[in-house]
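**Q** sharing a model prediction with you, sequence too.
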Amino acid sequence: MAADADDGEWPMAPKNHASTRFSALTQIDRSNVANLRLAFTFDTGLRRGQEAAPIVAEGTMFIASPFPNTLFALDLTRPGAPLKWKFEPNPKLAAQGVACCDVVTRGAAYSQGRVFINTLGGQTVAVDAKTGTELWRQQLGDSSKGETITMAPLVVKDKVLVGNAGSELGVRGWLTALDTASGRVIWRAHSTGPDAEVLIGPNFKPFYQQDVGKDLGVTTWPPEAWKIGGGTAWGWISYDPALDLIYYGTANPAPWNAEQRQGDNKWTAGIFARNPDSGEARWFYQYAPNDRHDYNGTNENVLLDLQIEGRQRSVIVHPDRNGYVYVLDRATGEVVSADPFVKVTTTLGIDRLTGRPRMNPQVDPRNGEVVREVCPASPGGKDWQPSAWSPRTQLLYMPHQNLCQDMTAYTASYISGTPFLGSEVRMYAGPGGHRGVFGAWDPVKRRMAWAIPERFPVWSGALATAGDVVFYGTMEGWFKAVDARSGQLLWQFKTSSGIVGQPISYRGPDGKQYVAVLSGVGGWAGAVVSKDLDVRDRTAAKGFASAMADLPQYTGKGGSLYVFALP
Amino acid sequence: MSSRCLRLWPAFAAAALLCLPACEREKRQFDSPSPPPTPASAPMMRATPLQPGNAQLGASSVPTAHMPSTDYRYENNAFAVSQGKRLYRWYNCSSCHAPGGGGDWGPALSDDQWVYGSSPANIFASIAEGRPAGMPSFAAHISEDQTWQLVAYVRSLSGQLPKDVAPGRSDTMSGREPEAGRDRERPKPMEKSDGNKR
């Protein structure tokens, strides 16, 4: 679906509605990328995880920041890209206390002269792209109940789509659509509860029988548990204009301890296809029924048209936290294939008839018992960090983890505005000892074409370009360019802090191709540095500290933009 | 017989004297201690709008609650500290600050950095009043007596309590050596240079 022509802009975090993160610009290619030079930098002055993608439109770069969510606009038409304006939304200070995994944001969105950001305090704000003045603001989430917003909004037609975060606090998940001009709420679709609130109606046609029935968002839970059941929509949204459907994942059910919520816990840890105008659900597929390991379904959905077994199919490619790359039929939600890309002990494969994972009860967490070798670990084989697709190589470039964990469960008390987990975790490296991988997955041959092991989880996004160069960053701070066909390292640059942001490429007003990335370690994986955690405690950061105890030796805090170009 | 008992009495008394500190360690209280006879000077003020349990407890000030007049309780009482350890999980402190106290979305409690102070009174105030950058205000959700048990346990996370009082084992998966095995951290004055540690 990716268009070959490139307007040189980067208006939304995934670049396009198909979420390919592919730039068709060709100035930078395999033969000259070694000459890439720093063009300019910009310090945000903030020192928390920089997970956002810079947004480029109208000759301006827009940078959405972690809490306090300042939006910076840099003037790309002038030398050194000076600050044009900045906008401070002033979210509630207290919201920092209910953000599970550092106070990050994944970026802004640009459409028709407006820039949209989400704040940790649960607001969506529209800002005039030229002047930085506020156009409207809508309070969507209540941080006193644990609701935050960390996802990058997505504009589809005349609506901006926003989902909440906070499944770690028993927040009830939703996705909502706002009118881009006024901020008015047009629809809200919950991830749990009665059909009327999930926006399930007569046109809901899931592929698998287990998803057919009345009010399954209520009946697949213990009484009332759906009200505090998680399933937030803090990840990525894609849009297929031909089918006129949006696709997005729902997060883990709450609490993490599955013994407190017997049942499939619909509609959490799965994917919805919905009509963008009404929000009405078309189909749903659940990756992790009764999710026991915090395997969210919120990872990116890359919309591709692939030749599979001699047949052209419109599919979604989705690398899930449960360790499988799924290929789903975009129209129906059928699982075309599902193959593990990391070591998996929690499941024994995906059943072709029912679409359900076959669970391995030996690594189900149980109250008061420690289970070991739970693979992948809770952040999954791959977390939020988005992959990129090159239509030239037909490969999906996946930044991901190689982690397993020990895990135990206990009965958690629900106290609104506080964590609702009932789980304790210690993570460690999977087979091979490296904790991260940057790999190129072939969704047709259903295997890795090549893979680069990295010391730490690769927590940055990926960028693919038509010059057959692929970019990603490491948590030590290296920004790397590799050959899209072989994975061979072609160029690298050491930035001031670990990279957990999303690289992008754009054509500047001077006609040159630029590559930009934010450096500033943080997020769940980098919280040991950005939040000064005590790494002697292996249970810190929900057990991630156990796998990241040496990160402070490799990087400190940061929060700077780096932009590169050929001389 | 009686004369022999009398002869043993001085030895018994000496042993009892030796026991006194240990008795504090073993002491159990089954009633919450009565409030101090005169209310402490400062009424309790919530420092955050964030209140657990749906914030039905009202506005910023807590009229009936006062900052305690004593800043010392339970630091020599093993039973109270182990209750504090149980409550640390019960009230979800452990999910925010990590089961071993190393920190998560809340700051680490096991190190030497204490933005709002490391004394028992400081920690009591942090729990009861909350802190502006995310710590909820638990006043009227957690009783004063339980708050003191939590205070004592929180201090054990950085090795501030006597070794024979701090918990020596964990009922769950451990992240590091038990509280009783931790060296005493020496709290440093902190500057909020980047506003991150609070």
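**A** Alright, I've got the coordinates. Residues are numbered from 1 along each chain as shown, chains lettered A, B, ... in the order given.
**Q** in the stretch 251-400 of chain A, which residue sits closest to chain B?
**A** Nearest residue of the stretch 251-400 of chain A to chain B (CB to the nearest CB) works out as residue A:370 at 4.9 Å. Using the backbone N, CA and C atoms, a C-beta is placed for each residue, glycine as well.
**Q** my read: that residue touches residue A:410, true?
**A** No - look at residue A:370 against residue A:410 with CB atoms under 8 Å: they stay out of range, at 11.3 Å.
**Q** more neighbours: which of those two?
**A** Between residue A:370 and residue A:410, counted using other CB atoms under 10 Å in any protein chain shown, the more crowded position is residue A:410 (22 against 15).
**Q** and the residue lying closest to that one once chain neighbours are set aside, how many neighbours?
**A** Using CB to CB, 6 or more residues apart in numbering or on different chains and skipping residues adjacent in sequence, the residue nearest residue A:410 is residue A:422, 5.4 Å away. As a burial measure, residue A:422 scores 25 neighbours (other CB under 10 Å).
**Q** contacting residues for residue A:422?
**A** Residue A:422 is in contact with A:255, A:256, A:257, A:259, A:260, A:409, A:410, A:411, A:412, counting by CB atoms under 8 Å, 6 or more residues apart in numbering or on different chains.
**Q** the fifth one: what's it in contact with?
**A** So that's residue A:260. Residues in contact with residue A:260 (CB under 8 Å, 6+ apart) are A:222, A:225, A:411, A:412, A:422.
**Q** next one: whatever residue of the stretch 51-200 of chain A ends up closest to chain B relative to residue A:161, how far apart?
**A** Here the stretch 51-200 of chain A gets closest to chain B at one residue, residue A:97, 2.2 Å apart by CB to the nearest CB. Distance of residue A:97 to residue A:161, computed by CB to CB, to the nearest Å: 27 Å.
**Q** then residue B:188?
**A** Counting by CB to CB, the gap from residue B:188 to residue A:161 is 46 Å.
**Q** tally of neighbours for the nearest residue to residue A:157 once chain neighbours are set aside?
**A** Distance criterion CB to CB, 6+ apart; nearest residue to residue A:157, sequence neighbours excluded, is residue A:276 at 6.4 Å. By the criterion of other CB under 10 Å, residue A:276 has 22 neighbours.
**Q** residue A:276: which element?
**A** Under the criterion DSSP states H and E, no helix or strand holds residue A:276.
**Q** how about residue B:85?
**A** Taking DSSP H and E as the criterion, residue B:85 maps to helix B:78-90.
**Q** what's the top helix by length along chain A in contact with?
**A** For chain A, the longest helix by residue count, based on DSSP state H, is helix A:523-530. The list of residues contacting helix A:523-530 from outside it, by CB under 8 Å, 6+ apart, reads A:47-49, A:51, A:100-102, A:104, A:379, A:383, A:401, A:456-457, A:459, A:475, A:498, A:500, A:520-522, A:533, A:535, A:540-542, A:544-545, A:548-549, A:551-552, A:555-557, B:104-105, B:196.
**Q** and the pLDDT for residue 189?
**A** Just so you know, I chose chain A. In the predicted model, residue A:189 carries a pLDDT score of 98.
**Q** actually chain B
**A** Confidence at residue B:189, expressed as pLDDT, is 67.
**Q** and the one 3 residues further on, by the same measure?
**A** What the model reports as pLDDT for residue B:192 is 47.
**Q** one step back: who wins for neighbours among the contacts of residue A:422?
**A** The residue in the contacts of residue A:422 with the most neighbours, by other CB under 10 Å, is residue A:255 (31 neighbours).
**Q** contacts only, for it.
**A** Neighbours of residue A:255 in contact, by CB under 8 Å, 6+ apart: A:170, A:261, A:412, A:414, A:420, A:421, A:422, A:423.
**Q** what is the burial count for the residue lying closest to the fifth one once chain neighbours are set aside?
**A** So that's residue A:420. Spatially, and ignoring its direct neighbours in sequence, residue A:420 is nearest to residue A:170 (3.7 Å; CB to CB, 6+ apart). Using other CB under 10 Å, residue A:170 has 25 other residues around it.
**Q** residue A:170 reaches residue A:100, doesn't it?
**A** No - in this structure residue A:170 lies outside contact range of residue A:100 using CB under 8 Å: 11.5 Å.
**Q** which stretches of chain B form strands?
**A** According to DSSP state E, chain B carries its strands in the segments B:43-45, B:61-66.
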